[in-house]
Structure formats: C-alpha cells, structure tokens
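Enquirer: Predicted model and sequence below, questions to follow.
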Amino acid sequence: MHDFDYEAPVDLDTALRFFAERNGSARVLAGGTDLIDQIRLGRYAPDLLVDIKKLPELNVLECQEGGLRLGAAVPCSEIYRNETVVSGYEALVDSCRIIGGIQVQNRASVGGNLCNSGPAADSPPSLIVLGARCVIASAQGQREVPAEEFCTGPGENVLQQDEVLIEIRFSSRPPRSGSHYRRFTPRNEMDIAVVGVGASVTLDETGERFVDARIALGAVAPTPLFAREASESLTGQPVNDETIARAAELAQQAARPIDDMRGTKEFRIHVTGVLTRRVLAAAIGRARGEEEGTRIGH
Amino acid sequence: MAKKRIVTTTINGKETQFLCQPRQTLLEILRDDLALTGSKEGCSNGNCGACTVLCNGKAVNSCLILAVEAEGAEIETIEGVAPVDGLDSLQDAFLQQAALQCGICTPGFIMSAKALLQEQPDPSEEDIRFNLAGNLCRCTGYDKIVRAVQDAAAARQQV
C-alpha cells in the first residue's frame, strides 16, 4: 500500500490546520471502509491521513429541540443502536442498516458515505428527503450546504481541499411525518443499489392529504438526485393511487441512468417507478403510525 | 517512509505492544507480526469477512482498519475464543453441524456469530442470516452455519 503518515488529533482546530497546510495531500479517515480500499487500489495516494474519530464535534449524536445533530464520524451501527435519538428519522435508519454488512456498519459513518459521493450510495437519498444540512468547516470558518447540493459528480463533492464535513443537521420532524429508504439489489444484503429511492411525507390531520413530500433517487444519475417535480406534485394533494402514480412518473422522468453491469437504463427507469410507489406507500404508513410491514433490507 | 508507531492494545485479554507503519492494516500486524494467523485474508476489501475480529466488542473487518487505529482498543481474535479446557459452544456447534469444509471462512463466521449472540442471545434465523451477511462461505451453502449458530444460541441459553 502507498506510504502515508497518520495523525489522530483530539481538537478540531488542529485537524483543520492539517488540511489548510497540506494542499490536498491530506485525506480524512473516518471508518476507512472505502478509503483504505481506495488507497490499496491506488485511486488515492495521500501523504497524510487525519483520523477524525477522536474529535468530539464529529462524534455528536443527539436530538434537541431544534432537531437531530449527527457528527460526521458516527458509525452507522451507533445510529440504529440509538433508536430513541433517531426516532422520526426512519429513512436514515433504513439506510444505516443496509450499508455493507455488520462489520462495515460498525465502522462506516454516514458522513463518510456522503463524502465518498458514490452515485449509488445508500445514505444520501435519505439525507436529502429528511432535509439534511451539511456543516462544513475549514480554518477560515464554517458553512452549510443542503444535502442535495453536496455531491457534484461520481466521487466528487463541494468540499474544498482545506474543508472537512463535520456534522449533518436535521430539522425536527413535523407531526404526522414518515420516511423510508429502499433499494433494489439482486441480494438483500451486502450489495450496491441498482436503484435506491428515499421518500419523506407529512400528512394533514385527516391523514388523507399530503402537506409536504420529498423524494430522492440514488444510482440513476452521476449524483444522488432530489426529484423536485415529483416531490412538489404531491403538495396539497390527496393520498391516493393516482397522485402516487403521478409522482412516480415524474421521478422516472428525473432519472437519467446509464447502462452498466448492475442494470440497463430501461430497467433502472422502470424500477425507479416501482420503488417510488412502494417507498411512498411505506412512508405514508409510517406517517399514519401503521404497523410496519417491511423487513430490513427488503 | 512514514515514521513507525508504537501501538498499545489489549489482544485476547493480554496487553500487547507492537511497532507498525501507518499504512499497515490490523490484519497484517495480527498475522505477520503477532503470529495470530487465525484471522484470514480473503478479499482485502471488506466483502468476505474472513478477517473479522472484535474491536471493543464489535465485529469489524481487520483488513479495513489501520493497525495504528487500534491504539487503546480491546481486540479479540479467533485465538481468544476457546477457553483453556476445550472449545467455545460456537466452535463445538460448528463441528457438530459440520458447518465448514475448507475452513478459511470459519474464524470470521465464529467472530461475527459471537458478536451477534452477545447482542441478541436468541436470534431468529433471519437475524442470523442478516447479521452474517458480511461473511462469505463458498463451500457450505450457509444452511449448516445457520444451524450451528442456532445450536450455539440454544446451548448458551441452557448454561
């Protein structure tokens, strides 16, 4: 493996200084489940890895009045093991339970999944539909970027050389809200999405009308996609087969997939429609407090 | 070359110090420097789980952890599973159910199953299959492995 140095700072300022001084030759090490493999394969050749797992700001996982704060280094399994903290953010939990196997979930963080910026990554659609904001820090200060604007291409994102994603913030969930993430894969576990769909809905007091909806797609474009038209088509509409089918059609129109070993373009567009309907139905069921019919990974 | 580091960990209950380069994985150090060759190298990218060890009680792929990251951690490998006077109930159940053929995947399966039974003493078949999804076996077809874990869970409940 390529030779590199290793630092594990315990305060954020020191960590940010490494990135300010290294001109892009330093990389963030969180769970390492993508990065170590990528270095081994020669995709990256950093001079320095900065382990961020000892930074308190990046390990925060708490639900306050303002919403959920998720530090960028918190591993996936910590998220679903803290069910009360993340209750209401069901799509996030759905994603964390299917990223890799248990061994990967015990190391890999949602922040790392986002920063790796794979088009088929399982957490970004959930972050997008839950309205997450990415808190980015550098020695110069901090800025926030909405989750749907974070990724800019396969393996590419808005982070500058001197910047680090430190936290993902979510607003508190309105009453009668529900969310879900599901992907299509040949195998239930340990697979990469052919298509992934996330949805979040908020219903009115009758539970029969959408107050708000957000739909996001994975693996059907160079980046995770916020399906804006599909989402907005549901606002104020009744909950029924027609409105859901219309949203699914609009989601299919937003998809611009490629043919590859995991599926053809035509198949991916078809699956986008099927999954959007199913994921919306599950999110609606959760918003109504109905009993769960879905199993992990299915 | 990057400066070597001295790392202090607890491995199978024993405080252990080793010297490593930052680029060396925990798996390399376990196998090549500490002669703990029970953990296997299969894919080296986190798919096969043959290198699974417990790090602070949680199953992890030792091929995707740098040895320097193990500073202060409690590591348990397959070598630490058996009590001095015999076998762990999981090892026993794997033998009874013939849950292995070539055996390369077995240490990883036993470590993953151990972590599962610590968290869920009475897992369903689906729980077992889901939790062992990060371990690949190309010989058995998995059914015997699942039965072995079910037997081990039952045996542990009786103790």
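Expert: Now that the structure is in, tell me what you want to look at.
Enquirer: For stretch B:43-62, measure first residue to last.
Expert: One end of stretch B:43-62 to the other measures 12 Å (CA to CA, to the nearest Å).
Enquirer: touching chain A at all, that stretch?
Expert: Yes: using CB under 8 Å from any CB of the partner chain, stretch B:43-62 reaches chain A at B:Ser44, B:Asn45, B:Gly46, B:Asn47, B:Gly49, B:Thr52, B:Cys55, B:Lys58, B:Ala59, B:Val60, B:Asn61. Placement of C-beta: from N, CA and C, glycine included.
Enquirer: Just give me the neighbour total for the fifth one.
Expert: What it means is B:Gly49. For B:Gly49, the count of nearby residues is 30 (other CB atoms under 10 Å in any protein chain shown).
Enquirer: Got the confidence number for it?
Expert: Note for B:Gly49: predicted pLDDT of 98.
Enquirer: my guess is A:Val93 meets A:Ile79, correct?
Expert: Yes: contact criterion CB atoms under 8 Å: A:Val93 and A:Ile79 qualify, at 6.6 Å.
Enquirer: gap between B:Gln91 and B:Ala67?
Expert: Per CB to CB, to the nearest Å, B:Gln91 is found 27 Å from B:Ala67.
Enquirer: which non-adjacent residue is nearest the residue in the stretch 101-250 of chain A positioned nearest to chain B?
Expert: Here the residue of the stretch 101-250 of chain A nearest chain B is A:Gly101; by CB to the nearest CB that distance is 2.1 Å. Closest residue to A:Gly101 apart from its sequence neighbours, by CB to CB, 6 or more residues apart in numbering or on different chains: B:Gly134 at 2.1 Å.
Enquirer: helix or strand right after the least confident helix or strand in chain A by mean pLDDT?
Expert: Within chain A, no helix or strand scores below helix A:83-86, which has a mean of 86 by mean pLDDT, DSSP states H and E. Downstream of helix A:83-86, the first helix or strand assigned by DSSP states H and E is helix A:90-96.
Enquirer: Could you confirm whether any residue of that following helix contacts chain B?
Expert: No: residues of helix A:90-96 are not located near chain B by CB under 8 Å from any CB, the shortest gap being 13.5 Å.
Enquirer: helices or strands next to that helix in the packing?
Expert: Applying 3 or more CB pairs under 8 Å, 6 or more residues apart in numbering or on different chains; DSSP states H and E, one finds that helix A:90-96 contacts helix A:76-81, helix A:83-86, helix A:110-116, helix A:124-129, strand A:177-184, strand A:195-203, helix A:265-287.
Enquirer: and B:Asp32, how many neighbours does it have?
Expert: With other CB under 10 Å as criterion, B:Asp32 counts 11.
Enquirer: Assumed it was part of a helix.
Expert: Yes: assessed by DSSP: H, G, I helix; E, B strand; the rest coil, B:Asp32 belongs to a helix.
Enquirer: Farthest pair within the residues of stretch B:43-62 next to chain A?
Expert: Within these, B:Ser44 and B:Lys58 form the most distant pair, 20.3 Å apart (CB to CB).
Enquirer: for B:Cys63, what are its contacts?
Expert: When contacts are counted by CB atoms under 8 Å, 6 or more residues apart in numbering or on different chains, B:Cys63 touches A:Ile36, B:Thr25, B:Leu26, B:Leu27, B:Glu41, B:Cys43, B:Ser44, B:Asn45, B:Gly46, B:Cys51.
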